[in-house]
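A.B. asks: Sequence and predicted structure below; questions after.
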Amino acid sequence: MGTKAVVNRIIPFSSVDGPGNRTAVFLQGCNIDCKYCHNPETRNLCVQCGACVEQCPAGALSRGVDGGIVWQEELCVQCDTCIHVCPHSSSPRTHVMTAEETYRKVQKQIPFIRGITVSGGECMLQPEFLTELFRLAKEDGLTTLIDSNGMVPFWDYPELMEATDGVMLDIKAFDREEHREVTGAYNDTVLKNAEYLARNLKLFEVRAVIVPGLYDTEKSVRQMGAFLAPFLKIKKFRIKVIAYRPMGVREIYSHYEVPSGTYLEYLAGILREQGFEDIIII
Amino acid sequence: MRDISMERVNATREQILEIIKSPTLTHEQKLTNLANQADSLMEVLDLPEGLNELLNTDIETKCICDLSEGHAPVRPRYIVPDYAKFMKEGCSFLQLPPPADLLEALNSLLIFYKHVPSVTNYPVYVGQLDELLEPFMDGVDDAQAKRLLKMFMTHVDRTVLDSFSHADIGPKATRAGRLLLEVEAELEHAVPNLTLKYEEGVTDDDFALAAVNCALHSAKPSFANHAMFKKELTENYVIASCYNGLPLGGGSYTLCRLILGNIAKRAESIQDFKEKQLPYVLDIMARYMDARIKFEVEESGFFENNFLAKEGFIHRDRFTAMFGMVGMAECVDILLQKEGKEGRFGHDKAADDLGVEIMEIIKDFNDHHVNPYCEVTGGHFLLHAQVGLADDVNVTPGTRIPIGEEPEELVDHLLVLSRFHKYFPSGTGDIFPIDVTVHKNPEFVLDIVKGAFRKDLRYLSFYSSDSDVIRVTGYLVKRSEMEKLDQGRAVLQNTTGLGLGASKNGHILERKIR
């Protein structure tokens, strides 16, 4: 017990991180590099270079006695200067917390929430922390969801799977090479994870971010649907078709076309023909 | 009846002429205002000493407000007829037999509504529509039923010209209830207001989710904590007017309100407020309400002569009265400031604690004040968190946290409210504009409702941040109608004018979006 994680943010009430009202916990650090990442400051752990300290207009950042970066939350004005000047795609606005400490921040929302969702960054980089956090949540009857890019094999963590009600899995492109183009990594593990989770009744939702011009989105959606459709017989799951939006995206990647509502409906139609019923367009 | 000066008569005549010539008032609005002017010349109530100084002064110093009830009440403020009795037995005064099918039921209700008086001259309660209509739904298919319900609801919206008018549904799901929600989501009307009596385990989730969906389209229904209301008022309660819990087949004689912030201004210290200033005003307001009730019951003749009472649609002994209050936030902030203490209502535990202590004083006073004509509520008034008036400036409704000062996180907001809602059986409520992405996740709203009711919240309203119909304080208006009125054009519903005032003085368009 007592495993610590770098927590980027806790959103007490979230309507977009799974069913109903949930507390969403965002962990710092990711293992891939999606071009359209809308919170790139969660990608890396802070290397304590101090580039942000002088630039902070509110004086909320300073160098601590141990050389680390100290963030005084009460002084922070959330202007985001620090994350814009960070040369390492990181953020000084994080807290190192144990699972117990994190859970205490979740408990405050009971009974208004039905569950907890952990996202990132990539939360599966900290599986021991997740297991501890979810066990605590289960004691209070909360449901537990993981939001993951699927790059870490879930089958390696049976205890975590035991404490997890479901996974919301990104399939950022179905084609192997295209996935590499989008994220810098191949998707072999992602697809194996999809099958593993489906067979173990843990696949809650699959998400595809639609970025026309970055990869062949129609082909990808069609192939993904064909691959996933057989698993619907085991247990139904939701598909979320998410429009690329430039908000928060790094400037060099913020030029992609935002797909139209009509096009997203068209993609949803393909999935519907393949047998999916629960399709949400966002 | 006491004499009044010729000067006052002439001042009133000036106002009457102004009303007659008004370019923006509709004919119905002129009639109502003319009647109010006539009533203002009356002096028949046995008023308590000290009232004048607390009542008849400007909004900066006024401590008691009687919400335009007039000088000689001709009827109770809020009347809650037993429409189920009407459906079963018909009405001899209106020469209507009991309806035999859905068409007759809807037609009979529309006729009846035109004969239910109130402070607004329109019915503040139009019935538990799902239960009233469900017996007539057999043999009518969904498409036909929806067409009829649409015509019925549109008729109400265009003839009940005041959104202090309420229909109820729930707690149990019915076909009529579901179709009403579908119709209301499509119509996006301001009138009538609508409440779902909700109880976890009794109300089906899919019915409650249909209600959330409807609310995100038309800012209604609101959600009432059924378990809480029925414990206080028995199963025979309704939600009427803004969000007022009242006994069915009765209503409320009167509603007066304390303006707590202005009472705090009179105090030297917190102790002075609690021990002298507040008890002084509480006593005068209670005796003022007693005087109004005495006139209504003993002199007005309403309960002897009106067909509603004569035929048993209402019963004199099912009436109570609402002991209202506004401005808890200003009151607490002013008192803390006077003592040089830090803290703001809604943000600091010490401030909220003071608010709770003040509520306990008001509750204790009311628990000991006896009115002989409030038998239905144990001889006591019911506390009420009043929603404010259009011309209130720096007066926050009831115990709400002021707009612009809402806590950053909704959970913190709800936890403050959970300390106050329980004091108000005759109504309180909070309103939350919701980000449109929630349209994709109505369960988000339902989870909040469930949690809130477990935490003793009483009444919650939601609307979508991009909706045309919005909830002002308790009632609904259309943004598009307010814009018309603001351009100097006459509009149909009286409450549009109140909404416009509240958007300018009460900042209701600036609520924090959740």
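C.D. replies: Yes, it's here. Numbers count the residues shown, from 1 in each chain, chains lettered A, B, ... in the order given.

A.B. asks: From now on I want contacts and neighbour counts done on CA atoms only, so please keep to that.
C.D. replies: Noted.

A.B. asks: name the element residue A:116 belongs to?
C.D. replies: Secondary structure from DSSP states H and E places residue A:116 in strand A:115-119.

A.B. asks: contact partners of the helix or strand following that strand?
C.D. replies: Sequence-wise, the next helix or strand downstream of strand A:115-119 (DSSP H and E) is helix A:127-139. For helix A:127-139, the surrounding residues in contact (Cα atoms under 8 Å, 6 or more residues apart in numbering or on different chains) are A:1, A:3-5, A:98-100, A:102-103, A:115-116, A:118, A:123-124, A:143-144, A:157, A:159-160, A:163-164.

A.B. asks: Strands - which of those land there?
C.D. replies: If you go by DSSP state E, these have A:4, A:5, A:98, A:115, A:116, A:118, A:143, A:144 in strands.

A.B. asks: The one residue in the stretch 1-150 of chain B that gets nearest to chain A - how many residues pack around it?
C.D. replies: Here the stretch 1-150 of chain B gets closest to chain A at one residue, residue B:142, 24.7 Å apart by Cα to the nearest Cα. By the other Cα atoms under 10 Å in any protein chain shown criterion, the neighbourhood of residue B:142 contains 13 residues.

A.B. asks: what's the answer for residue B:348, then?
C.D. replies: 12.

A.B. asks: for residue B:8, same thing?
C.D. replies: When neighbours are counted by other Cα under 10 Å, residue B:8 comes out with 12.

A.B. asks: Give me the buried positions along whichever strand or helix holds it.
C.D. replies: Element membership for residue B:8 (DSSP H and E) is helix B:6-21. Under the neighbour-count criterion of 16 or more other Cα atoms under 10 Å in any protein chain shown, helix B:6-21 has B:12, B:16, B:19 buried.

A.B. asks: Can you list the strands that the strand holding residue A:116 pairs with?
C.D. replies: strand A:22-27 (parallel), strand A:143-148 (parallel) (DSSP bridges).

A.B. asks: how does chain A divide into domains?
C.D. replies: As assigned by automatic domain parsing, chain A contains the domains A:4-41+A:95-281, A:47-85.

A.B. asks: Deepest in the core, which of those domains is it.
C.D. replies: Highest mean neighbour count of the domains of chain A: domain A:4-41+A:95-281, a mean of 19 (counted as mean count of other Cα atoms under 10 Å in any protein chain shown).

A.B. asks: Just the endpoints, please. Distance across it?
C.D. replies: Distance between the two ends of domain A:4-41+A:95-281: 35 Å, counting by Cα to Cα, to the nearest Å.

A.B. asks: quick one: average confidence on that domain?
C.D. replies: Computed over domain A:4-41+A:95-281, the mean pLDDT rounds to 96.

A.B. asks: Check the offset of that domain from the chain's centre.
C.D. replies: The chain centroid and the centroid of domain A:4-41+A:95-281 are separated by 5 Å under Cα atoms, centre = their mean, to the nearest Å.

A.B. asks: what's the answer for stretch B:487-502, then?
C.D. replies: 18 Å.

A.B. asks: First-to-last residue distance for it?
C.D. replies: With Cα to Cα, one end of stretch B:487-502 sits 16 Å from the other.

A.B. asks: rewinding a little: run through who's touching the helix holding residue B:8.
C.D. replies: For helix B:6-21, using Cα under 8 Å, 6+ apart, the contacting residues are B:25, B:30, B:33, B:34, B:37, B:41.

A.B. asks: go with 7 Å
C.D. replies: B:30, B:34, B:37 (Cα atoms under 7 Å, 6 or more residues apart in numbering or on different chains).

A.B. asks: Among those, which are located in helices?
C.D. replies: Using DSSP state H, the subset of the contacts of helix B:6-21 located in helices is B:30, B:34, B:37.

A.B. asks: now for the helix or strand encompassing residue B:453, which elements pack on it?
C.D. replies: With elements taken from DSSP H and E, the one containing residue B:453 is helix B:442-454. Packing partners of helix B:442-454 (3 or more Cα pairs under 7 Å, 6 or more residues apart in numbering or on different chains; DSSP states H and E): helix B:205-218.

A.B. asks: mind listing the helices for chain A?
C.D. replies: Going by DSSP H, chain A shows helices at A:51-55, A:81-85, A:99-107, A:127-139, A:158-163, A:176-183, A:188-199, A:217-228, A:261-273.

A.B. asks: closest to residue B:290 out of the ones you listed?
C.D. replies: Nearest to residue B:290, of all the helices of chain A, is helix A:99-107, at 47.4 Å by Cα to Cα.

A.B. asks: near chain A, which residues of chain B?
C.D. replies: Residues of chain B lying near chain A by Cα under 7 Å from any Cα of the partner chain: B:411, B:438, B:441, B:443, B:444, B:447, B:448, B:450, B:451, B:452.

A.B. asks: Looking at these, which gets the smallest pLDDT?
C.D. replies: Lowest confidence among those: residue B:438, with 72.

A.B. asks: Tell me how many other residues crowd that residue.
C.D. replies: 20.

A.B. asks: Give me the phi and psi angles of it.
C.D. replies: phi -70, psi -20 (degrees, to the nearest 10).

A.B. asks: which ones are touching the residue lying closest to it once chain neighbours are set aside?
C.D. replies: Nearest residue to residue B:438, sequence neighbours excluded (Cα to Cα, 6 or more residues apart in numbering or on different chains): residue A:15, at 6.2 Å. Contact analysis of residue A:15 by Cα under 7 Å, 6+ apart lists A:21, A:22, B:438, B:441, B:444.

A.B. asks: how does it look with 10 Å?
C.D. replies: A:21-24, B:435, B:437-445, B:514 (Cα atoms under 10 Å, 6 or more residues apart in numbering or on different chains).

A.B. asks: Then residue B:389?
C.D. replies: So residue B:389 contacts B:67, B:326, B:395, B:396, B:397, B:473, B:498, B:499, B:501, B:502, B:505, B:506 (Cα under 10 Å, 6+ apart).

A.B. asks: again with residue A:160
C.D. replies: Counting by Cα under 10 Å, 6+ apart, residue A:160 makes contact with A:124, A:127, A:128, A:129, A:130, A:131, A:132, A:133, A:134, A:135, A:154.

A.B. asks: again, but for residue A:278
C.D. replies: Applying Cα under 10 Å, 6+ apart to residue A:278 gives the contacts A:205, A:236, A:237, A:238, A:239, A:240, A:268, A:271, A:272.
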